[in-house]
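Colleague: sequence-free structure coming up:
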Ligand code: PA5
């Protein structure tokens, strides 16, 4: 069960301010649950955990069985919300050196999340000595980055394996009826999964967008959904210990004091991509109408040796949200050394995790002294269930928080602007006027 600890914010936020924000958070929660706020046509994720049935889990697992033992690699093509949830879960749950170890599961690699020619070339080189399958994910079915990557991969697969095998080895996850990817999948006879209309990309990790790649990497998606389901129950109650209410209320209380940057902190490199997923969730949901907390992330203790100076001592516009893991999965004890040249014998007999925990505590106290409020979100351990809880808690807190801020948390008008410029610069048919206008600026 997720535990939100607000003790390390007490020097900064009065109980009066916090309680006022809790009242606002209850209203935000009510708006999310009743579906009567802005963007309410994108609330399909709210009841998703309780609505996911065994048929969907079984359908994902049937693709796992279809490809098990037949492919070495699965390429997952997608960007933004069609990439980050799966990437986050797979990074969190995998062995740190999975890419260099033998397993019975195919290795999952990602494509279509950048437009780097080097990445595309090196991916093809890597795949050239492997048998592979592809999951292509795009809700709109028209996003440039994954469309380019899929065109390249499809051509390679058809050349190497033939069109008939591709029908078995390509799965498309997209809209039920609209978009170029839907048309292509129907025409080519690929298996498909549907992204519900009312679930936006950044809230889609518990749809096939996240579930299929996570299952293909060998993880238990039933447990992931169970964790989310538990959080759905807990987070739907307007109670003082509702973790989503606590988190949303406190981050808005701190924001109201002028701290405009929230840094998501982890002390376990497996959680690096939780930061990436969370940044998209909060950045795209709240950063609009010239408002919103800027979401950043760091990996400690690694980044204490780079960003630590700024956080301790730079402009006082920051606060931290620490995602802490109570129990490490492994045990490594530091041994005594006869020579003790490194002077570390005072640590002999201690687990590495004990040192990590002291690093967490020492850093928290130093940052509080430096004027950085700290929110703590603790999970029991890194596994599918806890990750499911975390995903859902952050999602519902995001909806609540967006309504507290007074924005529509479920649209993303700002991400269209740069896309128009790219199309104009690349002379896409239909963009002739925009092309002329943009060239005049160069
Ligand atoms: O959250 C979002 O809406 C975006 O990040 C999208 O997920 C991203 O742009 C990919 O879109 P699509 O799935 O339509 O290819």
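Modeller: Arrived safely. Everything numeric here is computed off the predicted structure, so don't read it as measured data.

Colleague: Look up how far residue 347 lies from residue 160.
Modeller: When distance is defined by C-beta to C-beta, to the nearest Å, residue 160 is 53 Å away from residue 347. Bear in mind the C-beta positions are built from the backbone N, C-alpha and C, glycine included.

Colleague: The two: which has the busier surroundings?
Modeller: The neighbour count for residue 160 versus residue 347, taken as other C-beta atoms under 10 Å, is higher for residue 347 (17 against 13).

Colleague: Surely that one is in contact with residue 356?
Modeller: No: assessed by C-beta atoms under 8 Å, residue 347 is found out of contact with residue 356, at 11.8 Å.

Colleague: And the contacts of the helix or strand bottoming out on mean pLDDT in the chain?
Modeller: Every helix and strand of the chain was ranked by mean pLDDT, DSSP states H and E. The lowest is helix 415-425, at a mean of 88. Here helix 415-425 makes contact (C-beta atoms under 8 Å, 6 or more residues apart in numbering) with 144, 284, 431, 434, 435, 437, 438.

Colleague: what's the helix or strand for the most centrally placed residue in the chain?
Modeller: Centre of the chain computed as the mean C-alpha position; nearest residue by C-alpha atoms, centre = their mean is residue 277, 2.2 Å away. Assigned by DSSP states H and E, residue 277 belongs to helix 272-286.

Colleague: ok, and the closest non-adjacent residue to the residue of the stretch 101-250 of the chain at minimum distance from the ligand?
Modeller: For the stretch 101-250 of the chain, the residue closest to the ligand is residue 201, as judged by C-beta to the nearest ligand atom, at 2.2 Å. Ranked by C-beta to C-beta, 6 or more residues apart in numbering and with sequence neighbours excluded, the top spatial neighbour of residue 201 is residue 81, at 2.3 Å.

Colleague: Tell me who's in contact with that neighbour.
Modeller: Applying C-beta under 8 Å, 6+ apart to residue 81 gives the contacts 139, 200, 201, 202, 203, 204, 209, 280.

Colleague: Now do it, the pLDDT please.
Modeller: Residue 81 is assigned 96 on the pLDDT scale.

Colleague: Make sure it is indeed in a strand.
Modeller: No: the assignment for residue 81 is helix, going by DSSP: H, G, I helix; E, B strand; the rest coil, so no strand is present there.

Colleague: Please report the distance of it from residue 109.
Modeller: Going from residue 81 to residue 109 by C-beta to C-beta gives 19 Å.

Colleague: Residue 6 too?
Modeller: For residue 6, the distance to residue 109 - C-beta to C-beta - is 39 Å.

Colleague: ditto for residue 101
Modeller: In terms of C-beta to C-beta, residue 101 sits 15 Å off from residue 109.

Colleague: quick one, which of those two is more surrounded?
Modeller: The residue with more neighbours, out of residue 101 and residue 109, is residue 109; 16 against 10, by other C-beta under 10 Å.

Colleague: For beta bridges, what are the partners of the more buried one?
Modeller: residue 75 (DSSP bridges).

Colleague: check contacts around it.
Modeller: By C-beta under 8 Å, 6+ apart, the residues touching residue 109 are 73, 74, 75, 76, 123, 126.

Colleague: Hmm, residue 111 and the fifth one touching each other?
Modeller: Read it as residue 123. Yes: here residue 123 reaches residue 111: they are 5.7 Å apart, a contact under C-beta under 8 Å.

Colleague: so what's in contact with these two at the same time?
Modeller: By C-beta under 8 Å, 6+ apart, residue 123 and residue 111 have these common neighbours: 75, 153.

Colleague: Comparing these two, which residue is more hemmed in?
Modeller: Neighbours were counted for residue 123 and for residue 111 using other C-beta under 10 Å; residue 111 has more, 25 against 20.

Colleague: Check whether the more buried one really touches residue 73, as I assumed.
Modeller: No: with contact defined as C-beta under 8 Å, residue 111 does not count as touching residue 73 (10.8 Å).

Colleague: which SS state does residue 411 fall under?
Modeller: coil.

Colleague: That one and the ligand, how far apart?
Modeller: Distance of residue 411 to the ligand, given as C-beta to the nearest ligand atom, to the nearest Å: 9 Å.

Colleague: can you check residue 45 too?
Modeller: 11 Å.

Colleague: OK, contacts around that residue?
Modeller: Contacts of residue 45 by C-beta under 8 Å, 6+ apart are 199, 200, 203, 204, 206, 395.

Colleague: pretty sure it belongs to a strand, no?
Modeller: No: applying three-state DSSP, one finds residue 45 to be coil, outside a strand.

Colleague: what about it, distance to residue 59?
Modeller: 19 Å.

Colleague: Contact distance from the ligand - what residues of the chain qualify?
Modeller: Remark: the part of the chain in contact with the ligand comprises 79-82, 138-140, 143, 146, 200-202, 284, 412, using C-beta under 6 Å from any ligand atom.

Colleague: redo that, cut-off 8 Å
Modeller: Applying C-beta under 8 Å from any ligand atom, one finds that the chain approaches the ligand through 78-84, 137-143, 146, 174, 179, 195, 200-204, 209, 280, 284, 412, 415.

Colleague: List buried residues within those residues.
Modeller: With burial judged by 16 or more other C-beta atoms under 10 Å, the buried subset of the residues of the chain next to the ligand is 78-84, 137-141, 143, 146, 174, 179, 195, 200-204, 209, 280, 284, 412.

Colleague: was I right about residue 208 contacting residue 192?
Modeller: No: checked against C-beta under 8 Å, the pair residue 208 and residue 192 is beyond contact range at 9.1 Å.

Colleague: quick one, which of these two is more surrounded?
Modeller: Legend: neighbour count by other C-beta under 10 Å for residue 208 and residue 192, higher for residue 208 (25 against 18).

Colleague: residues contacting the more buried one?
Modeller: Applying C-beta under 8 Å, 6+ apart to residue 208 gives the contacts 56, 59, 60, 173, 193, 194, 195.

Colleague: neighbours around the fourth one, how many?
Modeller: Which is residue 173. For residue 173, the count of nearby residues is 28 (other C-beta under 10 Å).

Colleague: tell me the SS of it?
Modeller: Assigned with three-state DSSP, residue 173 falls in the strand class.

Colleague: Now do stretch 207-214, average pLDDT.
Modeller: Mean per-residue pLDDT for stretch 207-214: 98.

Colleague: Same check on stretch 3-10?
Modeller: When pLDDT is averaged along stretch 3-10, the result is 98.

Colleague: can you pull out the strands in the chain?
Modeller: Secondary structure of the chain (DSSP state E): strands at 3-5, 73-77, 107-111, 132-138, 170-174, 191-194, 261-266, 294-299, 318-325, 374-379.
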